[in-house]
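1. generate coordinates for the sequence data below:
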Amino acid sequence: MEVTAVSKNREERANYYLYIDGQAVPVSEQIYRVYQHYERKEEYFSYDLKTEKFQKDTASFLPSREDSYERLLEKDRQFAAPGKNVEQLALEHLEAEQIRFCLAQLNEDEQELIFLLFYQEKTEQEVGNILHISHQAVNKRKRVLLLKLRKIFEEFF
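-> Numbers count the residues shown, from 1 in each chain. As a prediction, this is how the structure comes out:
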């Protein structure tokens with residue numbers, strides 16, 4: 001459906017028409033102005049933003065918002081590597097080392113419980129079945145272990 005807008009000559013200023021599929025449809029001035037506004041807005045977004053402009057008065061160059069990869073390579077532009085920055089990676093590595101140190105302070109049974117719950121993401125019921133204890137006992141041991149780990153962490157770090 002192709003829609004074009006045309007205003008009649010000056011004598012018929014009160015009559016506004018929108019052309020829909022080749023037929024002139026009379027509309028009010030308000031509808032005509034709203035239609036023109038959105039037509040211009042569509043043109044702005046589809047063409048004006050994508051073209052380069054030169055402002056004569058200020059003598060500044062506004063580059064296009066769309067750029068090609070090849071052109072940026074020609075200008076020797078560097079791109080930020082995707083992912084986390086080095087500082088964030090170093091902090092995560094340090095935190096992981098601290099956690100491993102704290103876990104090394106636990107005995108073998110406590111380490112196994114932590115491994116099953118947090119590394120293998122098993123439920124307390126599943127861990128209870130593996131260790132042949134009730135899920136309430138698993139929950140109690142987990143709470144005690146987390147408090148113990150907190151004390152170790154506060155003591156060393």
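2. switch to C-alpha atoms for all contacts and neighbour counts from now on
-> OK.
3. for stretch 124-144, give the mean pLDDT please.
-> Throughout stretch 124-144, pLDDT has a mean value of 95.
4. ok, now stretch 69-81?
-> For stretch 69-81, mean pLDDT is 73.
5. show me how far that stretch is from its chain's centre.
-> The chain centroid and the centroid of stretch 69-81 are separated by 23 Å under C-alpha atoms, centre = their mean, to the nearest Å.
6. got the CA positions of that stretch in PDB?
-> Only the C-alpha atoms of stretch 69-81 are listed here, as PDB (Å, rounded to 0.1, in the frame of the first residue of the first chain):
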ATOM      1  CA  TYR A  69      35.000  -2.400   9.200                       C
ATOM      2  CA  GLU A  70      37.500  -2.000   6.300                       C
ATOM      3  CA  ARG A  71      37.500   1.800   6.600                       C
ATOM      4  CA  LEU A  72      38.200   1.600  10.300                       C
ATOM      5  CA  LEU A  73      41.100  -0.800   9.600                       C
ATOM      6  CA  GLU A  74      42.500   1.600   7.000                       C
ATOM      7  CA  LYS A  75      42.500   4.400   9.700                       C
ATOM      8  CA  ASP A  76      44.300   2.000  12.100                       C
ATOM      9  CA  ARG A  77      41.500   2.100  14.600                       C
ATOM     10  CA  GLN A  78      41.800  -0.400  17.500                       C
ATOM     11  CA  PHE A  79      38.800  -2.200  18.900                       C
ATOM     12  CA  ALA A  80      38.300  -3.200  22.500                       C
ATOM     13  CA  ALA A  81      38.500  -6.900  23.100                       C
END
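7. now do the buried residues in that stretch.
-> By 16 or more other C-alpha atoms under 10 Å, stretch 69-81 has no buried positions at all.
8. now stretch 83-99
-> When neighbours are counted by 16+ other C-alpha under 10 Å, no buried residue of stretch 83-99 is found.
9. tell me which element A24 falls in.
-> Secondary structure assigned from DSSP states H and E places A24 in strand 23-27.
10. immediately after that strand, which helix or strand?
-> Under the assignment DSSP H and E, the closest C-terminal helix or strand after strand 23-27 is helix 29-46.
11. perfect, I'm done here.
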